[in-house]
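In: The sequence isn't on hand, but the structure is:
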């Protein structure tokens, strides 16, 4: 069975699942952007089904040929199921990806798994006030930009910092704690996970990953969970600030970027540190992040006869800062600067990116059109220019 038929099968399966689950149930509080919501007659479970996709145009000036290389693609196409089971204290989330970009194909044949259909499959148990235990596959508590949903980003896509150094999704356990001290909100999260990313179907090739994150909101919570939403669509009436730091230790990592990238012929202990901040006030928003990853015993795994790097872990540091202002008309103008500085030993080129974005929010992040222009500067190479235009539709 080829991959196209597999995807069609997944889509049909989930359609039948939703149709069956809704029989005899009641619909409540359903509106555009909020999905279809159902509650069992005996209140023993609840289900919300939603779907979304992104249509992307991308054009890049190729400095080698001076050609304009462009394409249209479905950047993301997803189905999401969430709700509670047995008790409102036991919630769940299942999210699957259907597009090529969602599924990916960077897993080698030895994993016996060519597709990564499942994005999230996690249960969350609120077993005590302010405490939740998560079990399953979901995003690790790493950098803020990665945890922000791809539906709720301020730009067309995430930054270079995220693409090179993020932790992404993994399978394991997470413990989340939140409490207040006066007007401040404190959050602490710890995770133990496989360390090799999502949908791995063979024995763990290395050790586990251990992740910890601490957050401080000195002026209280953001409206609508805005500390993990791009742009200030809530137009915070008072200043709101979130400060956070994360640390991840991936024991005997097998993949070039920890939970992502090619599987390498040797393993390394990887340590990754993140520091980030989010600020919002009356339509103005800004976010800054710093990331640093290092490998014990050095990142390079394999060199050829001439000494050129053939296999390496991606190590180094990156910094990203962005800010935007949402006009009363729901047009937003935003700017972003990102620098990525890999360790010299890796042979990976350093980069700087300057991005200017313009967005129109029609129904918040559920129906919007976003565009951005990026200048990419790499030492010793001509500058590259990229233009992107994307529509997001989420039901």
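Out: Yes, it's here. Nothing here was measured: the structure is a model prediction, and the numbers come from that model.

In: For residue 163, what are phi and psi?
Out: phi -70, psi -20 (degrees, to the nearest 10).

In: Which pLDDT value goes with it?
Out: Listed pLDDT for residue 163 reads 95.

In: since we're on it, how many residues are nearby?
Out: For residue 163, the tally of surrounding residues (other C-beta atoms under 10 Å) stands at 16. Just so you know, the C-beta spots here come from the backbone N, C-alpha and C atoms, and that holds for glycine as well.

In: Kindly report the same for residue 270.
Out: 28.

In: Past whatever helix or strand it lives in, which element shows up next along the chain?
Out: Per DSSP states H and E: residue 270 is located in strand 263-281. Downstream of strand 263-281, the first helix or strand assigned by DSSP H and E is strand 284-295.

In: quick check: angle from that next one to strand 263-281?
Out: Relative orientation of strand 284-295 and strand 263-281, computed by axes from the mean of the first three to the mean of the last three C-alpha atoms, to 10 degrees: 160 degrees.

In: name the helices or strands packed onto strand 284-295?
Out: helix 144-147, helix 160-165, strand 263-281, strand 316-326 (3 or more C-beta pairs under 8 Å, 6 or more residues apart in numbering; DSSP states H and E).

In: List the strands paired with that strand, with their directions.
Out: strand 263-281 (antiparallel), strand 316-326 (antiparallel) (DSSP bridges).

In: can these go into TSV with extra columns for distance to residue 186?
Out: Listed next are the strands paired with strand 284-295 as TSV, based on distance: least, C-beta to C-beta, whole Å:
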stretch	distance to residue 186
strand 263-281	15
strand 316-326	25
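
In: What values do phi and psi take at residue 344?
Out: Torsion angles, degrees, to the nearest 10, at residue 344: phi -60, psi -40.

In: Neighbours of it, how many?
Out: 9.

In: okay, the nearest residue to residue 281 once chain neighbours are set aside: pLDDT?
Out: Spatially, and ignoring its direct neighbours in sequence, residue 281 is nearest to residue 239 (4.4 Å; C-beta to C-beta, 6 or more residues apart in numbering). Looking at residue 239, its pLDDT reads 98.

In: Ok, the one 10 residues further on next?
Out: According to the model's per-residue confidence, residue 249 sits at a pLDDT of 98.

In: is it true that it touches residue 269?
Out: Yes: applying C-beta atoms under 8 Å, one finds residue 249 in contact with residue 269, separated by 7.0 Å.

In: Could you export the helices and strands packed on strand 284-295 as TSV, including distance to residue 372?
Out: Output for the helices and strands packed on strand 284-295, formatted as TSV (distance: least, C-beta to C-beta, whole Å):
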stretch	distance to residue 372
helix 144-147	15
helix 160-165	13
strand 263-281	19
strand 316-326	11
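
In: need the strands paired with strand 284-295 in TSV with distance to residue 165 and mean pLDDT, can you?
Out: Output for these, formatted as TSV (distance: least, C-beta to C-beta, whole Å; pLDDT from 0 to 100):
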stretch	distance to residue 165	mean pLDDT
strand 263-281	7	96
strand 316-326	6	98
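
In: Please identify which of those is closest to residue 163.
Out: strand 316-326 (9.4 Å; C-beta to C-beta).

In: Return the set of buried residues in whichever helix or strand comes after that closest one.
Out: Using DSSP H and E, the helix or strand that follows strand 316-326 in sequence is strand 331-342. Neighbour-count burial for strand 331-342 flags 332, 334-336, 338-340, 342 (criterion: 16 or more other C-beta atoms under 10 Å).

In: so which of those residues comes closest to residue 355?
Out: Lowest distance from residue 355 to the buried residues of strand 331-342 (C-beta to C-beta) belongs to residue 336, with 4.2 Å.

In: how far away is the residue nearest to residue 281 from residue 285?
Out: To residue 285, residue 239 is 11 Å away according to C-beta to C-beta, to the nearest Å.

In: Compare these two (neighbour count), which wins?
Out: residue 285 (26 against 12).

In: buried ones in stretch 169-180?
Out: 169-172, 174, 176, 178.

In: same question but for stretch 285-304, I mixed them up
Out: So for stretch 285-304, counting by 16+ other C-beta under 10 Å, buried means 285-295, 299-301.

In: List just the nearest of those to residue 77.
Out: residue 287 (26.4 Å).

In: so what's the closest residue to that closest one other than its chain neighbours up against?
Out: Leaving aside its sequence neighbours, residue 287 sits nearest to residue 278 (C-beta to C-beta, 6+ apart; 4.9 Å). Residues in contact with residue 278 (C-beta atoms under 8 Å, 6 or more residues apart in numbering) are 144, 222, 227, 241-242, 285-287.

In: So residue 278 versus residue 352, what's the distance?
Out: 23 Å.

In: One more: residue 99?
Out: Taken as C-beta to C-beta, the span from residue 99 to residue 352 is 29 Å.

In: Next: residue 168.
Out: Taken as C-beta to C-beta, the span from residue 168 to residue 352 is 23 Å.

In: so residue 89 sits right up against residue 125, yeah?
Out: Yes: counting by C-beta under 8 Å, residue 125 is a contact partner of residue 89 at 6.6 Å.

In: who's more crowded, these two?
Out: residue 125 (15 against 12).
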